[in-house]
Structures are given as C-alpha cells and as structure tokens.
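Novice: What follows is a predicted protein model with its sequence.
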Amino acid sequence: QVQLVESGGGLVQAGGSLRLSCEASGQTSSNYAMGWFRQAPGKERERVASISRSGDNTDYTDSVNGRFTISRDNTKKTVNLQMNRLNPEHTAVYYCANLCGTSWSFWGQGIQDIVSS
C-alpha cells in the first residue's frame, strides 16, 4: 500500500499563490503516476493535474493550464502542485492520488484551500 499526506493548503487572497505537497510512504511511490484532484463545495471531485512516473509527462485540466504546475521528486517521494493567480473559483479540498494501472487507487486525506476575493 501507499500512504499519501498532503500539506501546504490554507487561505490566500485572489491573485496569490499556494504550493501543495504530497508526501508518499509505503510501497515505492515512484512506480506510479500521480495526480492532484479537487472537490469544490457542491461539486464532484475532478482531476486537476497528473504527472507520469518519471515526471517527463504532465497533463492539466483546461481551466488550470498555465496557472498550475505539477512536479515530482522521486528521491523525496513528493509530488507538488504550484498554483498561481488563484481566484475564489479555486477554493476546494485538494487531494493527491496515485494511479495503479487504470485506477486512482490510493488517496490522501485532502487539504483545504480557500481563496478570498
């Protein structure tokens, strides 16, 4: 199994930035592609960004492309999400997860980000 713990959330004003980190433990996390998801109040959880096992390939949902950057450090077993030019629509609980085969199998507990106007 893999355990994932998110950190770095909080309150930020519109236009500001936040950097989320996800630290993995357990089975070698570098074996998995990783992703960041978010769930805004009253909405379904959606994938925000994902990154391949090597870190060479990344993918973003259209709404965050150019604002958010996903990266990973396999030596530290961390996956990061740099979020810039935030606005209140980015307020959500953010989760990291890893991809086992075709399923997002292991999830962190989530971390709250609030962007004030």
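Specialist: Right, received. Where do you want to start? Everything numeric here is computed off the predicted structure, so don't read it as measured data.
Novice: Find the centremost residue of the protein, please.
Specialist: The centroid of the chain falls nearest to residue 36 when counting by Cα atoms, centre = their mean (2.7 Å).
Novice: Bridging across strands, which residues link to that one?
Specialist: Bridge pairing for residue 36 (DSSP bridges) gives the partners residue 49, residue 96.
Novice: go on, residue 11?
Specialist: residue 114.
Novice: do the same with residue 22
Specialist: residue 6, residue 79.
Novice: Touching, it and residue 78? I think so.
Specialist: Yes - if you go by Cβ atoms under 8 Å, residue 22 and residue 78 touch, sitting 6.4 Å apart. Where you see a C-beta, it was placed from the backbone N, CA and C, and this is true even at glycine.
Novice: on that earlier part again, so the residue nearest to the centre of the chain touches residue 70, yeah?
Specialist: Yes - with contact defined as Cβ under 8 Å, residue 36 counts as touching residue 70 (6.2 Å).
Novice: for residue 18, what are its contacts?
Specialist: 8, 9, 10, 12, 83, 86, 113 (Cβ atoms under 8 Å, 6 or more residues apart in numbering).
Novice: Next, work out how far apart residue 70 and residue 17 are.
Specialist: Distance of residue 70 to residue 17, computed by Cβ to Cβ, to the nearest Å: 14 Å.
Novice: Now for the contacts of residue 18: which two are most distant?
Specialist: Greatest spacing in the contacts of residue 18, by Cβ to Cβ: 8 and 86 (12.9 Å).
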